[in-house]
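Student: predicted model and sequence follow; I will ask about them next.
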Amino acid sequence: MMLSLLLLSATLHSGSDDTARVASRSSPVSQQAAPALAVTQADSIVVEKGPRRMTLYFRGLPLKTYAVALGPNPMGDKERQGDGRTPEGVFRIEAHNPNSRYHLALRISYPDVAHRMRADALGVPAGGDIMIHGLPRGFESVGAAHLEQNWTEGCVAVTNKEIEEIARAVRDGTPVEIKP
């Protein structure tokens, strides 16, 4: 399995916020936040980078929590393209992409005005292509073991089964809050 993770890291192209790198990770298990509620429709998403989890909510009630992989430098807000960070703030799901290089992808509305202004002030590109996505095509067998490493370049990654569930539960326009 570790060989698969190393191959995953080595074969994904660099230079895009929708690609991969590596760092360490613990428990790869999704958790039910509210077992009585089925994940049928969520009206908001909260990603907590520190504990590396994402929770879907409906009317303020947690529906389900997922363990996530982030970029190799997950702490701190995204400042520029290629910094390996996941942006922090409130965004929206802009689009569902069934034809992504990953097994489904939900585009997040990054960069927002504040992130563009900060990048401009630094004289660097803000980056883009921040997604919630599954595993890269050809790496489906890695499954939950992908959580052993932070391998994206700023995206939020879950298993293929999980992204299918998430994509069914959220609509374009759904708010996404990404916290430290």
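Tutor: Good, I have the coordinates.
Student: top strand in this protein by residue count?
Tutor: When the chain is parsed with DSSP state E, its longest strand is strand 89-97.
Student: residue 110: what's it in contact with?
Tutor: Residues near residue 110 by C-beta atoms under 8 Å, 6 or more residues apart in numbering: 78, 87, 91, 126, 127, 128, 130. (Each C-beta comes from the backbone N, C-alpha and C, glycine too.)
Student: quick one, helices of this structure?
Tutor: Counting by DSSP state H, one finds helices in the chain at the ranges 2-11, 113-122, 160-169.
Student: run a quick neighbour tally on residue 149.
Tutor: 21 (other C-beta atoms under 10 Å).
Student: that one and residue 115, how far apart?
Tutor: As judged by C-beta to C-beta, to the nearest Å, residue 149 and residue 115 stand 26 Å apart.
Student: same check on residue 179?
Tutor: The value you get for residue 179 to residue 115, if C-beta to C-beta is used, is 15 Å.
Student: can you tell me the closest non-neighbouring residue to residue 162?
Tutor: Nearest residue to residue 162 in three dimensions, chain neighbours excluded: residue 66, at 5.4 Å (C-beta to C-beta, 6 or more residues apart in numbering).
Student: now swap in residue 137 and tell me
Tutor: residue 101 (6.1 Å).
Student: look up which residues are beta-bridged to residue 93.
Tutor: Beta bridges link residue 93 to residue 108 when assigned by DSSP bridges.
Student: quick one on the thing from earlier: buried sites along the longest strand of the chain?
Tutor: 89, 91, 93, 94, 96, 97 (16 or more other C-beta atoms under 10 Å).
Student: want to throw those into TSV with distance to residue 58?
Tutor: Listed next are the buried residues of strand 89-97 as TSV, based on distance: C-beta to C-beta, whole Å:
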residue	distance to residue 58
89	22
91	19
93	15
94	20
96	18
97	23
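Student: with the residues you listed in mind, which one is nearest to residue 47?
Tutor: residue 91 (9.7 Å; C-beta to C-beta).
Student: any idea how far that closest one is from residue 157?
Tutor: To residue 157, residue 91 is 16 Å away according to C-beta to C-beta.
Student: understood, closing this out.
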